[in-house]
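> Based on what follows, work out the 3D shape:
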Amino acid sequence: MMSPDKLMEMMNHHMRLASEYANLLKLQTDAQQSEQRTRQLIDSSRSKSIRIKMRVAEVK
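Predicted coordinates:
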């Protein structure tokens, strides 16, 4: 049988690991959302650039 102190130490360690894992999952989610937003901004920028080029071509 494990001593109460050892059991508490193991539980605290487990809780720290669980907390670190939750933080890593949050960071991963944030990174994925940031990457998605960056792609949307790039696509939007490309679309605007194409529209501007088409307008310039119409004016010429």
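
> And the helices in this structure, which stretches?
Along the chain, counting by DSSP state H, helices occupy 4-59.

> low-confidence ranges in it?
Along the chain, no part satisfies pLDDT under 70.

> If we use 90, what do you get?
Low-confidence segments of the chain, defined by pLDDT under 90: 1-2, 58-60.

> Would you mind measuring from the residue located most distally from the centre of it to Met54?
In the chain, counting by CA atoms, centre = their mean, Lys60 sits farthest out from the average C-alpha position, at 44.1 Å. Distance of Lys60 to Met54, given as CB to CB, to the nearest Å: 11 Å. Every residue, glycine included, has its C-beta placed from N, CA and C.

> what residues are shared contacts of those two?
With contacts taken as CB atoms under 8 Å, 6 or more residues apart in numbering, Lys60 and Met54 have no neighbour in common.

> show me what contacts Asn12?
Listed by CB under 8 Å, 6+ apart, Asn12 has no contact partners.

> Next one: it relative to Lys6, how far apart?
Counting by CB to CB - Asn12 and Lys6 are separated by 11 Å.

> Report how many residues lie close to Lys6.
For Lys6, the neighbour count with other CB atoms under 10 Å is 10.

> which residues touch it?
Contact analysis of Lys6 by CB under 8 Å, 6+ apart lists nothing.

> With Val59 instead?
Val59 sits in contact with no residue, where contact means CB under 8 Å, 6+ apart.

> Could you report the separation of it from Lys53?
Counting by CB to CB, the separation of Val59 from Lys53 is 11 Å.

> cool, and His14?
Remark: distance between His14 and Lys53 (CB to CB) = 59 Å.

> Please apply the same query to Asn23.
Distance, Asn23 to Lys53, using CB to CB: 45 Å.

> what do you get for Ile42?
According to CB to CB, Ile42 and Lys53 sit 16 Å apart.

> okay, now Glu58: neighbour count?
7.
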